[in-house]
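[1] Sequence and predicted model, in that order:
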Protein chains: 2
Amino acid sequence: MTTEHIIPRRRGRPPKRPEQSLQTRELLLRAGLEVLTEKGFSATGIDEILKRVGVPKGSFYHYFDSKEAFGAALIERYALYFAAKLDRHFGDLSKPALERLKSFVEDAGHGMARHDFRRGCLIGNLGQEMGSLPESFRAQLAAVFGDWQRRVADCLEAARSAGEVSAAVDCERSAAYFWIGWEGAVLRAKLERAPEPLEIFADGFFAGLRTG
Amino acid sequence: MTTEHIIPRRRGRPPKRPEQSLQTRELLLRAGLEVLTEKGFSATGIDEILKRVGVPKGSFYHYFDSKEAFGAALIERYALYFAAKLDRHFGDLSKPALERLKSFVEDAGHGMARHDFRRGCLIGNLGQEMGSLPESFRAQLAAVFGDWQRRVADCLEAARSAGEVSAAVDCERSAAYFWIGWEGAVLRAKLERAPEPLEIFADGFFAGLRTG
DNA sequence: TGTTTAACGAGACGAACGGTCTAATATGCG
DNA sequence: CGCATATTAGACCGTTCGTCTCGTTAAACA
């Protein structure tokens, strides 16, 4: 069901093939993303991730100083992965700016559907959990939202210049609004295991842009 | 800092004063709400709640069959508490319907501010955690949202009848939209420990109602 | 080619957790 | 008085958490 590379693992110092040497770390990160987007940080034990990829505990603490450090690495990776996704959509100048944003929304919806609405957004998940998370995560998570917001704001700005949305739209504020609501929609879609919350939010959001 | 009733607890069967006899259970529920709105279900241990109110474990398992049953009781109580809050605002016929909704939003914002934006919405918190929660919670949580949505939809309907919002507004859908986004705003306000997300969402939502 | 050192795998370890259980204590009731 | 009932008290068990120490293997250097 998941990334089940049961490549027989050798002990001792590995041969000098950099691609191979990063494999274990890579596997841990990938599995971590899968599990954490589904269950969050606190509810997930290291062992679960370990078992999933067939790596013993000792390896984990070789690659990461602690569960906290692992979490930070996951946030970083997820943020990057997502920023790339945004760029891919927003950079597609073959369509109008507003369409670019819509295509991201659609893509994200398909992504959730592909996992049966069981997985949400890592950043949203961890944000919700901040009450019990290392305080160092707070700034990191907020920064990620800031980054994503920037990108959406730019896209909206382009749409406004092109007259695709009302000139009265405050792009920065609308971008903030977008992520606030989108995360709510993802959360709700996960709860109901259904796409409707995403659709309802997207419809409402885009309708609002017509009038500012 | 919290409900620190350190009422000296007597062992043995208590005297027949029903108000007193429910006290321990009551204290557990109250403390549970405080902690779970802040940290969620998985991250919270029974012991933490117990210590907070100075109740030994034996009592806990006397009043609740399990942590799961305790969670279910908390959801029920929170849903009731919140429904009452909604009714209080929406039932205040001295102001226009839209104002009633706005006053709820304002009240909720003050509520979060009072706890320094450390506590969120229990239902939202648990919703996010569904990935690791007993499956029995899912229907219960969804039903709560359904109930709240109903109430908001009714309020919106009243506003529409009074011409306070565009006749084009789909009240049911807008109510769904409201809760989707509002939960996102609460989550974000908790993350940033600031009221802006609530304001941004509320502004955008109410603006959208003008045009439907 | 032999010794040292870096890189990694393996699993033992103590603390904490959820949950159960028995005992202790006090009241209600016949 | 004595038995049933309600509640507190906390020892206890199996699990799981995150950390740590050590063994094993290859690279590095001479």
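    That came through, no problem.

[2] Show me the helices in chain A, by range?
    A:18-21, A:23-39, A:46-53, A:57-63, A:67-90, A:97-114, A:122-129, A:136-161, A:171-192, A:196-211 (DSSP state H).

[3] Relative to A:Arg30, how far out is A:Gln23?
    10 Å (Cβ to Cβ, to the nearest Å). Just so you know, the C-beta spots here come from the backbone N, C-alpha and C atoms, and that holds for glycine as well.

[4] so who does A:Ser161 touch?
    Listed by Cβ atoms under 8 Å, 6 or more residues apart in numbering or on different chains, the contact set of A:Ser161 is empty.

[5] and A:Ala142, what is it in contact with?
    B:Leu191, B:Glu192.

[6] so where's chain A shaky on pLDDT?
    Scanning chain A for pLDDT under 70 picks out A:1-22.

[7] mind redoing it with 90?
    A:1-27, A:42-43, A:45-47, A:51-59, A:61-63, A:65-66, A:68, A:131-136, A:211-212 (pLDDT under 90).

[8] what about A:Asp147, how many residues close to it?
    Around A:Asp147 there are 14 other residues, counting by other Cβ atoms under 10 Å in any protein chain shown.

[9] whoops, A:Cys155 was the one
    For A:Cys155, using other Cβ under 10 Å, the count is 22.

[10] Please apply the same query to the one 3 residues further on.
    Residues near A:Ala158, counting by other Cβ under 10 Å, number 19.

[11] That one and A:Leu33: what is the separation?
    Taken as Cβ to Cβ, the span from A:Ala158 to A:Leu33 is 30 Å.

[12] just to revisit the earlier point, of all the helices of chain A, which one is nearest DNA strand C?
    Ranking the helices of chain A by proximity to DNA strand C (Cβ to the nearest atom of the strand) places helix A:57-63 first, at 1.8 Å.

[13] residues in contact with the closest one?
    Residues contacting helix A:57-63 (Cβ under 8 Å, 6+ apart): A:Thr24, A:Arg25, A:Leu28, A:Ile46, A:Asp47, A:Ile49, A:Leu50, A:Phe70.

[14] Also stretch A:66-73?
    Contacts of stretch A:66-73 (Cβ under 8 Å, 6+ apart): A:28-29, A:32, A:36, A:41, A:46, A:60, A:64, A:126, A:133-134, A:136-137, A:140.

[15] Same check on stretch A:89-100?
    So stretch A:89-100 is in contact with A:101, A:103-104, A:107, A:151, A:154-156, A:158-159, A:162, A:164-165, A:206, A:209, going by Cβ under 8 Å, 6+ apart.

[16] Of those - the most surrounded one?
    A:Leu101 (28 neighbours).

[17] Surely it touches A:Leu156?
    Yes - using Cβ atoms under 8 Å, A:Leu101 makes contact with A:Leu156 at a distance of 7.2 Å.

[18] burial of A:Ser59, as a residue count?
    Neighbour tally, A:Ser59, other Cβ under 10 Å: 17.

[19] Would you mind measuring from it to B:Lys102?
    For A:Ser59 relative to B:Lys102 (Cβ to Cβ), the value is 55 Å.

[20] swap in A:Ala113?
    35 Å.

[21] Also A:Tyr61?
    When A:Tyr61 is compared with B:Lys102 (using Cβ to Cβ), they lie 52 Å apart.

[22] Let me see the contact set for A:Gly181.
    The neighbourhood of A:Gly181, defined by Cβ under 8 Å, 6+ apart, consists of A:Phe201, A:Gly204, A:Phe205, B:Ile180, B:Gly181, B:Gly184, B:Ala185, B:Phe201, B:Gly204.

[23] Buried subset of those as a PyMOL selection?
    Selection of buried members from these for PyMOL, criterion 16 or more other Cβ atoms under 10 Å in any protein chain shown:
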select buried, (chain A and resi 201+204+205) or (chain B and resi 180+181+184+185+201+204)
